[in-house]
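Engineer: Mind looking at a prediction? Sequence and model below.
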2 protein chains.
Amino acid sequence: MESAELIERALAGDQRAIARVVTLVADGEENGRQLLAVLYPLGGKAHVVGITGAPGAGKSTLVSELISTIRNEEPPAPHSETSHEPLAVVAVDPSSPFTGGAILGDRIRMGDHSGDPSVFIRSVANRGHLGGISSSTPAVVAALDGLGFREIIIETVGVGQAEVEIASACDTTIVVVNPGWGDGIQAAKAGLLEIADIFVVNKADRPEADRTVTDLMSMLDVGHALDWEPPIVRTVAIDGTGVEELWNAVQDHRRYLVQSGSQHQRLIRRARHALVGALRDGVEHSVDEIGRDVLERLAARTEDPWTVATAMLGAR
Amino acid sequence: MESAELIERALAGDQRAIARVVTLVADGEENGRQLLAVLYPLGGKAHVVGITGAPGAGKSTLVSELISTIRNEEPPAPHSETSHEPLAVVAVDPSSPFTGGAILGDRIRMGDHSGDPSVFIRSVANRGHLGGISSSTPAVVAALDGLGFREIIIETVGVGQAEVEIASACDTTIVVVNPGWGDGIQAAKAGLLEIADIFVVNKADRPEADRTVTDLMSMLDVGHALDWEPPIVRTVAIDGTGVEELWNAVQDHRRYLVQSGSQHQRLIRRARHALVGALRDGVEHSVDEIGRDVLERLAARTEDPWTVATAMLGAR
């Protein structure tokens, strides 16, 4: 299929065409870059929500319940900010049921949504990159944004400091913790305090939930200097408790970004993140292009890789 | 300290100066690049040996025993290829005792060598990169090479396909497996068969060792097309059994590379790997340099990140 026809079909909502576009774009090859050159100018309208947290925190179940909440919303009033536009989930979590790593119950739950034609779900391999976010994630998000998805949820597992990267790819970052979270080492948590626009204490029916919420509140008091005070939402994802409140908090944050003018900073940050990913992905190709003679000079030690790299990257 | 003085001291064997050079170089900042521009042309003489394998396979113990073997060698005959030049270990393994992640017994063992002034040991954080090799590893190896280390051992944990990357950074790649290794999923092993110049079956006193060796031999028979047939060395690293044979195999492979003319290909491959790492490391800096106006155009969707990245990388 020609690129133009593929994009036309995908824009019309053809799920297979959408899936094909996302695959090409995620591959990071020339075909995908051509599609992105067409789709990127069409985008910039999606609200991108990131969900991160430790494995087992309940992120996937939350995402599934969020989808249900969004899909079951009342039809929007005229000029309302919410809508029934198609929504997409991008899972960069190797333990996510989207990527096949979870228990059967979760998988069935997700299976329900994959039958919904206006919910697009895709897992993204964690290509050559540590932890949270794949370098192809910004490309996949940009494609879905250009194709008209107005809500895009990125689910990513928290792996040490790498989980912090998700904030650069999102407008609203949700950090999911469980009761007892406040107890462990503090260093790993400072980064999370910084990136969270919304905290979720999931499995909030457990006895330690109250203390975890209190701990979180005092931590947030210390580190806090911005207009937006991250709300702490209690959920029991497994039965849907609190998920509507969570979605309301996402909408609040979205309004805050627009009204405070912070939305533009987020767009700049997302653009920067996409550019860094595109450059990292382009490096191998670029080295293939420079020709054997440069590699020969490097091997002969008449040039050094770091000076050559600086020249290559600085020459725009 | 000025760069020139630092390098002078490091070249004279001052361990603290060497450590400082390695730290600066591993940081990937401008200071480090300046040092590399001086040191890279001095290098190209080291034999770089990579050791990879699953966590718990016994890599660190093997490395420790290899150090003992190398240090206790007979003085070299005139014009011999072996020598008593200083040797360095670069550990990119988060579970390595060099990086503090292992049991006390191993740590003590390593402590012995760190008292030896001609053995330099350094752990390298796995900065922003999945699995086997950090992007700063080629820089650290290049610095040590330029400083006169003639034997450099890189220890890296095998994490899926990423462990394959170590071969691009080394002249000789040792893959360490344990008895029973032949039993599991085959796909993950194909990559290892490809990169191994030498196989080690460590913990070879276990009963399944014979079958693992036989399995390996039949796998190698299938995949094999080159002049060099990877030897399979049995070791019991914990008591030093087989470590001398392993070191002899490394020397054999080194001679093979020189005599067959393959050494040049390895140098080219190492240079390419270093250039890719240098470019990946330089991306963030490069994005900071391009200026706000480009990011504004990206956020406004009048340019797209993938086209900009291609232009930036292609403009040499």
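Structural biologist: All right, it came through fine.
Engineer: from here on, contacts and neighbour counts on C-alpha atoms
Structural biologist: Noted.
Engineer: A:Ala209 - nearest residue in space that isn't next to it in sequence?
Structural biologist: Closest residue to A:Ala209 apart from its sequence neighbours, by Cα to Cα, 6 or more residues apart in numbering or on different chains: A:Pro179 at 4.6 Å.
Engineer: tell me the pLDDT at the one you found?
Structural biologist: A:Pro179 carries a pLDDT value of 91.
Engineer: quick one: it is in a helix?
Structural biologist: No - using DSSP: H, G, I helix; E, B strand; the rest coil, the assignment for A:Pro179 is coil, not a helix.
Engineer: Surely it touches A:Val200?
Structural biologist: No - A:Pro179 is beyond contact range of A:Val200, at 10.2 Å (criterion: Cα atoms under 8 Å).
Engineer: Can you tell me how far the residue nearest to A:Ala209 is from B:Ile238?
Structural biologist: To B:Ile238, A:Pro179 is 43 Å away according to Cα to Cα, to the nearest Å.
Engineer: Neighbour count: those two, which is higher?
Structural biologist: A:Pro179 (20 against 14; other Cα atoms under 10 Å in any protein chain shown).
Engineer: In contact with that one, which residues?
Structural biologist: A:201-204, A:206-212 (Cα atoms under 8 Å, 6 or more residues apart in numbering or on different chains).
Engineer: Derive a ChimeraX selection command for the buried subset of these.
Structural biologist: A single ChimeraX command selects the buried members of the contacts of A:Pro179 (16 or more other Cα atoms under 10 Å in any protein chain shown):
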select /A:201,202,203,204,209,210,212
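Engineer: May I have the secondary structure class of A:Thr52?
Structural biologist: Going by three-state DSSP: A:Thr52 is strand.
Engineer: That one: neighbouring residues, count only.
Structural biologist: Residues near A:Thr52, counting by other Cα under 10 Å: 29.
Engineer: Now for it: which residues touch it?
Structural biologist: A:59, A:155-158, A:163, A:166, A:173-176.
Engineer: Flag every buried residue along the longest helix belonging to chain A.
Structural biologist: Counting residues, the longest helix found in chain A (DSSP state H) is helix A:262-289. By 16+ other Cα under 10 Å, the buried positions in helix A:262-289 come out as A:263-264, A:266-284, A:286-287.
Engineer: so where do the strands sit in chain A?
Structural biologist: A:47-53, A:87-91, A:119-123, A:151-157, A:172-177, A:198-202, A:232-235 (DSSP state E).
Engineer: Columns neighbour count and pLDDT on top of the contacts of A:Thr52, output as CSV?
Structural biologist: Formatted as CSV, the contacts of A:Thr52 follow (neighbours: other Cα atoms under 10 Å in any protein chain shown; pLDDT from 0 to 100):
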residue, neighbour count, pLDDT
A:Lys59, 26, 90
A:Glu155, 27, 90
A:Thr156, 30, 85
A:Val157, 26, 73
A:Gly158, 24, 65
A:Glu163, 23, 62
A:Ile166, 29, 85
A:Thr173, 27, 95
A:Ile174, 28, 95
A:Val175, 25, 92
A:Val176, 26, 92
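Engineer: Out of the residues you listed, which comes closest to chain B?
Structural biologist: For the contacts of A:Thr52, the closest approach to chain B (Cα to the nearest Cα) belongs to A:Glu163, at 11.6 Å.
Engineer: that older thread, I'd like the contacts of A:Thr52 as TSV, with distance to chain B appended.
Structural biologist: Formatted as TSV, the contacts of A:Thr52 follow (distance: Cα to the nearest Cα, whole Å):
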residue	distance to chain B
A:Lys59	23
A:Glu155	19
A:Thr156	15
A:Val157	14
A:Gly158	14
A:Glu163	12
A:Ile166	14
A:Thr173	19
A:Ile174	22
A:Val175	21
A:Val176	23
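Engineer: In contact with the nearest residue to A:Trp247 once chain neighbours are set aside, which residues?
Structural biologist: Spatial nearest neighbour of A:Trp247, chain neighbours left out: A:Leu66 (6.9 Å); criterion: Cα to Cα, 6+ apart. Contact analysis of A:Leu66 by Cα under 8 Å, 6+ apart lists A:243-244, A:247.
Engineer: A:Gly180 too?
Structural biologist: Contact analysis of A:Gly180 by Cα under 8 Å, 6+ apart lists A:208-209, A:211-212.
Engineer: Just to be sure, which of these are found in helices?
Structural biologist: Judged by DSSP H, helices contain the following of those: A:209, A:211-212.
Engineer: so can I have TSV of those residues showing pLDDT?
Structural biologist: Converted to TSV, those look like this (pLDDT from 0 to 100):
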residue	pLDDT
A:Ala209	93
A:Arg211	91
A:Thr212	90
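Engineer: Which stretches in chain A count as helices?
Structural biologist: In chain A, the segments counted as helices under DSSP H are A:3-11, A:15-27, A:30-39, A:59-71, A:104-114, A:137-146, A:166-169, A:187-195, A:209-223, A:243-260, A:262-289, A:292-299, A:305-314.
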